[in-house]
Structures are given as C-alpha cells and as structure tokens.
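[1] Sequence and computational prediction follow.
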Amino acid sequence: MSSAGKASDSAEGSEARTQVPRGRFAARILGGGEEPDPRFTLANERTFLAWIRTALAFLAGGIAVEAFTSGMFPVGIRRTLAVLLLVLAMMLASAAGFRWLGIERAMRCRGPLPLPILVPVLAAGAAVAAGIVVIFVLVRPV
C-alpha cells in the first residue's frame with residue numbers, strides 16, 4: 001500500500017473516531033448537513049472576529065467623536081457623526097453574526113456562500129462619515 005493510501009486511511013479513521021454529535025441547540029442553529037473541515041470553520045470564525053474588531057473600532061470612533069470633538073464640530077453635526085458611527089458599529093456586529101451563521105450553514109450543506117450584504121452598507125456609512133469630517137476640516141476657520 002502506498003503512503004498516500006495509508007495517510008487517507010488514517011485520516012478517515014481519525015475522522016470517524018472524532019465525530020461527536022452536536023447538541024440540540026447547535027443542530028437547531030446550524031441546521032442539517034455534515035460537519036465541515038475544521039480549518040474552514042476556524043477561518044470563518046477568524047473572519048467573524050475581524051468584523052467584530054471593525055465594529056469595535058467604529059464604536060470607539062463614535063465615542064471619541066462625541067467626547068473629544070466639541071471644539072471642532074457644532075453640536076448637531078457632532079452628534080450626527082457620532083450616532084452614524086455607533087449605528088454602523090451595531091449594524092456591523094449584527095451582520096457579522098448573521099454572516100458567520102450563513103457561511104457555516106452553507107459549508108455544512110456544500111452550498112454557495114452568501115453574498116456579504118454588510119460590505120456596501122459599511123462602505124457607504126464610512127464614506128459619509130469621512131465626507132462629513134473632510135467638509136468640516138476644509139470649512140473650519142483656522
């Protein structure tokens with residue numbers, strides 16, 4: 001028997017030994033299908049965590065705008081910009097969770113991955129926030 005055959009036999013044997021059925025909650029959330037390769041599940045989790053880090057950055061930005069830019073922006077603009085960043089953080093964190101779940105389900109069913117709906121929303125919101133800052137930096141008296 002070739003070494004490739006031995007490796008595949010040992011991989012199948014170890015896979016069969018380590019398959020432990022998930023609980024009812026996980027089965028309900030993840031749906032049917034078969035367990036994907038752990039590397040793909042962990043990559044999906046890392047991507048989820050990257051989206052969460054981005055949401056935390058927007059959250060920190062919203063707090064910073066409200067707390068530290070009172071001399072730069074009028075109250076209405078400052079609050080609008082802060083709320084925009086905070087709402088983006090909420091939307092991004094929520095969408096990241098739904099995206100993680102959608103990708104996990106797609107991998108289990110060997111289906112196509114869902115489109116990232118949050119990307120255009122995030123890009124538009126960040127562009128609006130940056131535009132507001134640029135306008136006020138240019139218009140602000142020195």
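    Now that the structure is in, tell me what you want to look at.
[2] who's in contact with the nearest residue to L56 once chain neighbours are set aside?
    Nearest non-adjacent residue to L56, counting by CB to CB, 6 or more residues apart in numbering: A89, 7.2 Å away. Backbone N, C-alpha and C define where each C-beta goes, glycine included. Taking CB atoms under 8 Å, 6 or more residues apart in numbering as the definition of contact, the neighbours of A89 are 55-56, 58-59, 62.
[3] switch to 6 Å and redo it
    When contacts are counted by CB atoms under 6 Å, 6 or more residues apart in numbering, A89 is found next to 55, 58-59.
[4] From the chain's centroid, how far away is the helix or strand harbouring it?
    If you go by DSSP states H and E, A89 is part of helix 75-109. Relative to its parent chain, helix 75-109 has a centroid offset of 8 Å by CA atoms, centre = their mean, to the nearest Å.
[5] avg pLDDT for it?
    Here helix 75-109 scores 91 as its mean pLDDT.
[6] Name the next helix or strand downstream of it, please.
    Sequence-wise, the next helix or strand downstream of helix 75-109 (DSSP H and E) is helix 118-139.
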